[in-house]
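[1] Below are the sequence and a predicted model for it; my questions follow.
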Amino acid sequence: MIVLKISNAPELVATKLGKFLESLTPDAFDQATVEAMIIKKMVENLKAEGLKGEIASVKGIDIDGKQLSINETMHVRHVQSF
């Protein structure tokens, strides 16, 4: 299993949409938007390589160094097979 943590979602949204619009969107929305964009690209690339599997966007898991924490409110936002 591979876990990917996106730590600059608000900054990425600001560069794509502009600083003003980014300030109007909550960070959770920014995170979900960036995750959806990344999942779409990753699925395209993984399919092109002939890989099969699933990729998921999960809220409530945090990585701090070698520690993985799971919050009580953990849930899967989106799952896509490839």
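    Cool, the structure landed. Numbering: from 1, shown residues only.
[2] And what about the nearest residue to residue 78 once chain neighbours are set aside, helix, strand or coil?
    Nearest residue to residue 78 in three dimensions, chain neighbours excluded: residue 57, at 4.4 Å (CB to CB, 6 or more residues apart in numbering). C-beta here means a position set from N, CA and C on the backbone, and glycine is covered the same way. Three-state assignment for residue 57 (DSSP: H, G, I helix; E, B strand; the rest coil): strand.
[3] ditto for residue 5
    Under three-state DSSP, residue 5 comes out as coil.
[4] Pull up the gap between it and residue 50, please.
    Distance, residue 5 to residue 50, by CB to CB, to the nearest Å: 27 Å.
[5] neighbours around the closest residue in space to residue 81 that isn't next to it in sequence, how many?
    Of all residues not flanking residue 81 in the chain, residue 54 sits nearest, at 5.1 Å (CB to CB, 6+ apart). Residue 54 has 9 neighbouring residues, counting by other CB atoms under 10 Å.
[6] Distance of the closest residue to residue 61 other than its chain neighbours relative to residue 37?
    Excluding its sequence neighbours, the residue lying closest to residue 61 (CB to CB, 6+ apart) is residue 70, at 5.6 Å. As judged by CB to CB, residue 70 and residue 37 stand 25 Å apart.
[7] ok, the residue positioned nearest the centre of the chain - contacts?
    What sits nearest the mean C-alpha location of the chain, by CA atoms, centre = their mean, is residue 35, with 2.7 Å. Contacts here follow CB atoms under 8 Å, 6 or more residues apart in numbering; on that basis residue 35 touches 6, 9, 57, 77-78.
[8] Please enumerate the strands of this protein.
    54-64, 67-81 (DSSP state E).
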